[in-house]
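Novice: Give the three-dimensional model of this entry:
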Amino acid sequence: MEKGQEEMKGLIDEVKGEVQRKIDEVEEKVQMKIEDLKSEVKGQIKEVEHKVQGKIEEVENKVQGKNGNIERRLSELEDRPFSFSASPQFMSSRPNPRVKPLTFDGQHHGQSLRLSLTL
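Specialist: Okay, the predicted model is just below:
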């Protein structure tokens with residue numbers, strides 16, 4: 001009976017060892033897969049960063065071009081003489097107040113009349 005128990009114990013230890021080896025093997029494979037995935041993700045991140053940087057440079061170039069065009073057009077406007085005929089649509093629609101002629105003493109006619117009546 002003792003011999004059978006020792007054989008069972010030996011088999012159990014053998015199975016435990018085999019199970020532990022399989023566990024270690026699986027853990028190693030999982031760790032390798034994790035490292036592979038990390039490497040792949042880093043590569044994809046670098047690729048995306050490169051594409052984004054390219055787009056940023058493209059937009060910066062477009063903006064520089066637009067700024068150059070705006071500066072050129074502004075310079076052309078500054079160099080151009082300022083002369084144009086006023087369009088009726090931009091003229092004031094309010095009638096001009098009537099200007100009263102001054103009398104010989106520098107007052108308006110109505111003021112002069114009032115002063116003479118009050119004296």
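
Novice: tell me which residues in stretch 45-52 are buried?
Specialist: Buried residues in stretch 45-52, counted by 16 or more other C-beta atoms under 10 Å: none are found. In this view, the C-beta of every residue, glycine as well, is placed from N, C-alpha and C.

Novice: Run a quick neighbour tally on E27.
Specialist: Per other C-beta atoms under 10 Å, the neighbour tally for E27 reads 10.

Novice: elements contacting the strand or helix carrying it?
Specialist: Following DSSP states H and E, one finds E27 within helix 2-79. Of the remaining helices and strands, none touches helix 2-79 by 3 or more C-beta pairs under 8 Å, 6 or more residues apart in numbering; DSSP states H and E.

Novice: shaky segments in the chain?
Specialist: Residues of the chain that meet the criterion pLDDT under 70 lie in 82-119.

Novice: roughly how far apart are V59 and K38?
Specialist: V59 sits 31 Å away from K38, going by C-beta to C-beta, to the nearest Å.

Novice: cool, M8 as well?
Specialist: Applying C-beta to C-beta to M8 and K38 gives a distance of 44 Å.

Novice: do the same with N61
Specialist: In terms of C-beta to C-beta, N61 sits 35 Å off from K38.

Novice: before we move on, what about E25?
Specialist: Distance, E25 to K38, using C-beta to C-beta: 21 Å.

Novice: next one: E57
Specialist: From E57 across to K38, the span is 29 Å (C-beta to C-beta).

Novice: cool, D13 as well?
Specialist: From D13 to K38 the distance is 37 Å (C-beta to C-beta).

Novice: what do you get for E71?
Specialist: Applying C-beta to C-beta, the value for E71 to K38 is 48 Å.
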